[in-house]
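K.L.:
quick one: sequence and predicted model below, then my questions.
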There are 2 protein chains.
Amino acid sequence: MNPVIELQLEHKSIRRFKKELISEDLVSTLVDVAQHTATSNYAQSYSIMSITDVDKKKRIAEIGKQSYIAESGHLFIMLADQARNAAIVEESGEKTEIFSSFDKFFIGATDAILAAQNIIIAAESLGIGGVLLGSILNEVDELSELLDLPAFVVPVLGIALGYPDQEPQSKPRLPQKLVHFENNYPKWQNISSKLEDYDNTVTEYYNARESNKRIETFAQMITHWSLVTHPGRLKMLNYIQKQKLIKF
Amino acid sequence: MNPVIELQLEHKSIRRFKKELISEDLVSTLVDVAQHTATSNYAQSYSIMSITDVDKKKRIAEIGKQSYIAESGHLFIMLADQARNAAIVEESGEKTEIFSSFDKFFIGATDAILAAQNIIIAAESLGIGGVLLGSILNEVDELSELLDLPAFVVPVLGIALGYPDQEPQSKPRLPQKLVHFENNYPKWQNISSKLEDYDNTVTEYYNARESNKRIETFAQMITHWSLVTHPGRLKMLNYIQKQKLIKF
């Protein structure tokens, strides 16, 4: 164990922030950290958007249905971005069709997501808290318009950061043996029995926490989750293809 | 600046390893760190496969066309995994079609990729080096068969780890202003002129480094990259749909 790993093991999403904004210097440091993340083929197929415009931030909070997005000390939108690379290729006189492959989309998304995690770790090391936001994708067409995203660019994840104004408890994770396997993928027959202890742990966690109490097992939570998906999230593939990505 | 951020800024991919394997205890710590990464909707839609079988490791090194994969001290394959969740839903008597949405695939991929970055940071904090491997996807059908992956599971990234036996130089990144924007996405006209200084930096980097010398600008590198894609990588979307993911 060391201080880095201790920090990582202590991760909790923070959704209530003090009013203080993250300084420009710290934002620049976080971007610097993001840029030092591994990037596929050295192509740096991602970009980072800072939302400092108050109205845009509010609109994104509405899209994500989370008021804390508007109240955050800084809001990043991570973009899978092949537009910069495609512009380079086009100016060199070559064709850009390859950027419409799933492969190039996924390289961009991977770069952006890896960088997002590096930002979160760096922020937490500075006493800043944050939460990763898939919910920005609820109305992805509108978000895309709001940010002027051209072809070959799609948002993949938001990061709301700020100085923490809450101390949430750590959420218990699945037992390692249900997540980490050796050489072969396991079979999931009778998964209810395999989950029994964990289901109890999750129920205890929900009973014990101060706010948002609800008695639920992990299995019930997952089943519920499978039944309710924001309708906008089912437009993602269509939107991505409109952006000229994942055409083949 | 602090030790965590210093570590992140010093990141370099390591591709030559000492013979020593990563101990089981450390592997378990790395999995623990991965499990403490943020996960969308608390659903933990990813899994981690350790490849300890020597023959499988060799086969994956052939798929990735990188001998250092076989020589690594530990090899993880990160999986976007909705199979465990789908099994839970199925046992509860509900339908599993929703897991074929792009949304649920992307949630799984995001979970897996965020966890991968946390593993890399934790490993580096322990003096271990590593490299993220998109190249495991070169022959994804074969990889999938090798790992017995069922429907709703796809590999997204490999992580080869080991005690470093090289000291590579840091690769210069794009200037912040070409990667980090505020509120609106920029236009890329005359990108060659915007890239001029960085192109020179990259050329200098390639000239200065001890091995693998090649004189090339960033723009030339990207154009070359757009022209050569491993044919197997263009089978990804088809494979993922065969796994019942990204059907809509």
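P.N.:
Done, it's in.
K.L.:
any idea how chain A splits into domains?
P.N.:
With the TED database as the criterion, the domains of chain A are listed as A:3-168, A:176-223.
K.L.:
can you add mean neighbour count and give the ones you listed back as CSV?
P.N.:
Just so you know, the C-beta spots here come from the backbone N, C-alpha and C atoms, and that holds for glycine as well. Listed next are these as CSV, based on neighbours: other CB atoms under 10 Å in any protein chain shown:
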stretch, mean neighbour count
domain A:3-168, 21
domain A:176-223, 15
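K.L.:
so which of those is nearest B:Ser135?
P.N.:
Closest approach to B:Ser135 among these (CB to CB): domain A:3-168, 9.4 Å.
K.L.:
enumerate every residue touching the most far-flung residue of chain A relative to its centre.
P.N.:
Distance from the centre of chain A peaks at A:Gly93, with 35.2 Å (CA atoms, centre = their mean). Neighbour list for A:Gly93: empty [criterion: CB atoms under 8 Å, 6 or more residues apart in numbering or on different chains].
K.L.:
with A:Ser50 instead?
P.N.:
A:Ser50 makes contact with A:27, A:74-76, B:180-183 under the criterion CB under 8 Å, 6+ apart.
K.L.:
repeat the analysis, applying 7 Å as the threshold.
P.N.:
By CB atoms under 7 Å, 6 or more residues apart in numbering or on different chains, the contact set of A:Ser50 is A:27, A:74, A:76, B:180, B:182.
K.L.:
mind putting these into JSON lines with secondary structure and distance to B:Leu137?
P.N.:
Formatted as JSON lines, those follow (DSSP: H, G, I helix; E, B strand; the rest coil; distance: CB to CB, whole Å):
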{"residue": "A:Val27", "secondary structure": "helix", "distance to B:Leu137": "33"}
{"residue": "A:His74", "secondary structure": "strand", "distance to B:Leu137": "34"}
{"residue": "A:Phe76", "secondary structure": "strand", "distance to B:Leu137": "27"}
{"residue": "B:His180", "secondary structure": "strand", "distance to B:Leu137": "28"}
{"residue": "B:Glu182", "secondary structure": "strand", "distance to B:Leu137": "34"}
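K.L.:
name the nearest of the residues you listed relative to A:Gly64.
P.N.:
Distance to A:Gly64 across these (CB to CB) is lowest for A:Phe76, with 13.2 Å.
K.L.:
show me what the helix or strand of chain A with the lowest mean pLDDT is packed up against.
P.N.:
Across the helices and strands of chain A, the lowest-confidence element by mean pLDDT, DSSP states H and E is helix A:191-208, at a mean of 92. Under the contact definition 3 or more CB pairs under 7 Å, 6 or more residues apart in numbering or on different chains; DSSP states H and E, helix A:191-208 sits against helix A:218-227, helix B:83-91.
K.L.:
hmm, who's touching the longest one?
P.N.:
By that I understand helix A:218-227. A:192, A:195, A:198-199, A:202, B:41-43, B:85, B:88-89, B:92, B:94, B:98.
K.L.:
so for the longest helix along chain A, mean pLDDT?
P.N.:
Ranked by residue count under DSSP state H, the longest helix found in chain A is helix A:102-125. Taken as a whole, helix A:102-125 carries a mean pLDDT of 98.
K.L.:
all helices of chain A, in order?
P.N.:
Ranges of helices in chain A, per DSSP H, are A:3-9, A:24-35, A:54-64, A:67-70, A:83-91, A:102-125, A:140-146, A:191-208, A:218-227, A:236-242.
K.L.:
just to revisit the earlier point, which of the domains of chain A has the lowest mean pLDDT?
P.N.:
Comparing mean pLDDT across the domains of chain A, the weakest is domain A:176-223, with a mean of 90.
K.L.:
rewinding a little: now the longest helix of chain A, how far from the centre of its chain.
P.N.:
Distance of helix A:102-125 from the chain centroid (CA atoms, centre = their mean, to the nearest Å) equals 8 Å.
K.L.:
likewise stretch A:99-113?
P.N.:
The answer for stretch A:99-113 is 15 Å, by CA atoms, centre = their mean.
K.L.:
around A:Trp225, how many other residues sit close by?
P.N.:
20 (other CB atoms under 10 Å in any protein chain shown).
K.L.:
read off the pLDDT value for it.
P.N.:
96.
K.L.:
how close does it get to B:Leu143?
P.N.:
Between A:Trp225 and B:Leu143 the distance is 28 Å, computed by CB to CB, to the nearest Å.
K.L.:
tell me the contacts of A:Gln169?
P.N.:
Contacts of A:Gln169 by CB under 7 Å, 6+ apart are A:Arg209.
K.L.:
go with 8 Å
P.N.:
By CB under 8 Å, 6+ apart, the contact list for A:Gln169 reads A:12, A:205, A:208-209.
K.L.:
ditto for A:Phe181
P.N.:
Contacts for A:Phe181 were tallied using CB under 8 Å, 6+ apart; they are B:47-50.
K.L.:
the same query, at a cut-off of 7 Å, please.
P.N.:
If a contact means CB under 7 Å, 6+ apart, then A:Phe181 has B:47, B:49 as its contacts.
K.L.:
could you do the one 4 residues further on as well?
P.N.:
Applying CB under 7 Å, 6+ apart, we find A:Tyr185 in contact with B:147-150, B:153.
K.L.:
just give the nearest non-adjacent residue to it, would you?
P.N.:
The shortest distance from A:Tyr185 to any non-neighbouring residue, by CB to CB, 6 or more residues apart in numbering or on different chains, is to B:Asp148 (4.6 Å).
K.L.:
so A:Thr201 sits against A:Pro172, correct?
P.N.:
Yes - between A:Thr201 and A:Pro172 a contact is recorded at 4.8 Å, counting by CB atoms under 7 Å.
K.L.:
quick one, longest strand in chain A?
P.N.:
Using DSSP state E, we find that the single longest strand of chain A is strand A:153-162.
K.L.:
and it with chain B, contact?
P.N.:
Yes - contact of strand A:153-162 with chain B (CB under 7 Å from any CB of the partner chain) involves A:153, A:157.
K.L.:
now do that strand: which elements does it pack against?
P.N.:
The helices and strands touching strand A:153-162, judged by 3+ CB pairs under 7 Å, 6+ apart, are strand A:74-81, helix A:102-125, strand A:129-133, helix A:140-146.
K.L.:
pipe the ones you listed into TSV and attach distance to B:Gly232 per row.
P.N.:
Putting the helices and strands packed on strand A:153-162 into TSV (distance: least, CB to CB, whole Å) gives the following:
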stretch	distance to B:Gly232
strand A:74-81	21
helix A:102-125	9
strand A:129-133	31
helix A:140-146	29
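K.L.:
pull the distance from stretch A:153-169 to the chain's centre.
P.N.:
Relative to its chain's centre, stretch A:153-169 lies at 8 Å (CA atoms, centre = their mean).
K.L.:
next: stretch A:138-148.
P.N.:
Computed by CA atoms, centre = their mean, the chain-centroid distance of stretch A:138-148 equals 16 Å.
K.L.:
quick one on the thing from earlier: quick one: is the longest helix of chain A near chain B?
P.N.:
Yes - judged by CB under 7 Å from any CB, helix A:102-125 and chain B are in contact via A:102-103, A:106-107, A:110, A:113-114, A:116-118, A:120-122, A:125.
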